[in-house]
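S.K.: this one's structure only:
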């Protein structure tokens, strides 16, 4: 895998705007980097499908999944003072929202810079300072002075998408990637790199990369892709929340720089234990660093895919992301490349007998 090219692709996909339902820019970048890998198609939800050019038909089908959307906001109302009232798209902790740059898409498709704002401490009572922050107290300030100016000069309308404004950075000395939407743009890049690595390689299964929309609002896109692909088995790539800064040492299961994470369970899927053990044994055999996790909460597109058709064995290859669902994520490129390597090695070994054994 060409590290320099992979990092450029990750940067471009990460930097692309695309909250749930408004994935247009992200989809454009994904399609650009998927050219030459196979037949590319798209449905009305802006799910993107890349059917590997080496597919032969009449064989078992593997779905490679990731989601193209990111958490963000939507304009709910324009206040008389020119600030924008917003709602969350995807899950946020309110206290993480204020004092960050965002981009608001106007009616011309242009992104306008704004700042997430809350009441300054200078004007808060002591009682207000102690209260939890409510979404009604958080606005986006684009510098307008009236509702009329927002509409007429900034051309911002009701329901405009609002996206974190962050530019990807790679710190080579420490092998660290810093940027937005690693959940799940790292997964999108993983699908593309996996297909590239398998270019011209003879394997016993057909492969479809499916980039699903609207995961952050209830795995809506994957509900459609699962029925469109009708896979026999699947690999879900995900940017998984890292826990190495927030739990006790013995509980850490998703640390950066320790390899991809394979989850046994989350709130909406119990991972097929035979498929999971196959992947873990393969990591041990090939010295691929890997982590195992037992999660009480959270979910992935696997929740929709594993219940589709007559039931589909699914594993989740998660790239650890510190501070997922905030403006900034921190991840390791080595974890990313190990996840791609694992997916490639699994695909090389899948055949009808192996899949049926799961």
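M.R.: Sure, I can see it. These figures come from a predicted structure and were not determined experimentally.
S.K.: after the stretch of helix or strand residue 224 belongs to comes which helix or strand?
M.R.: Here residue 224 sits within helix 220-229, counting by DSSP states H and E. Where DSSP H and E defines the elements, the next helix or strand beyond helix 220-229 is strand 233-241.
S.K.: which strands or helices does that following strand pack on?
M.R.: strand 61-67, helix 182-197, helix 302-305, strand 314-321, helix 333-349 (3 or more Cβ pairs under 8 Å, 6 or more residues apart in numbering; DSSP states H and E). Just so you know, the C-beta spots here come from the backbone N, C-alpha and C atoms, and that holds for glycine as well.
S.K.: which among the ones you listed is found nearest to residue 221?
M.R.: For the helices and strands packed on strand 233-241, the distance to residue 221 is smallest for strand 61-67, at 6.5 Å, taking Cβ to Cβ.
S.K.: just the angle for that closest one relative to strand 233-241, thanks.
M.R.: 20 degrees (axes from the mean of the first three to the mean of the last three Cα atoms, to 10 degrees).
S.K.: return the list of helices and strands in contact with strand 61-67.
M.R.: Strand 61-67 sits against helix 182-197, strand 206-212, helix 220-229, strand 233-241, helix 302-305, with contacts defined as 3+ Cβ pairs under 8 Å, 6+ apart.
S.K.: distance between the helix or strand of the chain with the lowest mean pLDDT and the chain's centre?
M.R.: Every helix and strand in the chain was compared by mean pLDDT, DSSP states H and E; the lowest is helix 126-130, with a mean of 90. Its chain's average C-alpha position is 36 Å from that of helix 126-130, according to Cα atoms, centre = their mean, to the nearest Å.
S.K.: isn't residue 141 up against residue 112?
M.R.: No - between residue 141 and residue 112 there is no contact, the gap being 11.0 Å when judged by Cβ atoms under 8 Å.
S.K.: between those two, tell me which one has more neighbours.
M.R.: residue 112 (21 against 14; other Cβ atoms under 10 Å).
S.K.: beta-bridge partners for the more buried one, please?
M.R.: residue 104 (DSSP bridges).
S.K.: pull the contacting residues for the spatially most central residue of the chain.
M.R.: The centroid of the chain falls nearest to residue 184 when counting by Cα atoms, centre = their mean (1.2 Å). Residue 184 sits next to 66, 67, 68, 215, 237, 238, 239 when contact means Cβ atoms under 8 Å, 6 or more residues apart in numbering.
S.K.: nothing else from me, thank you.
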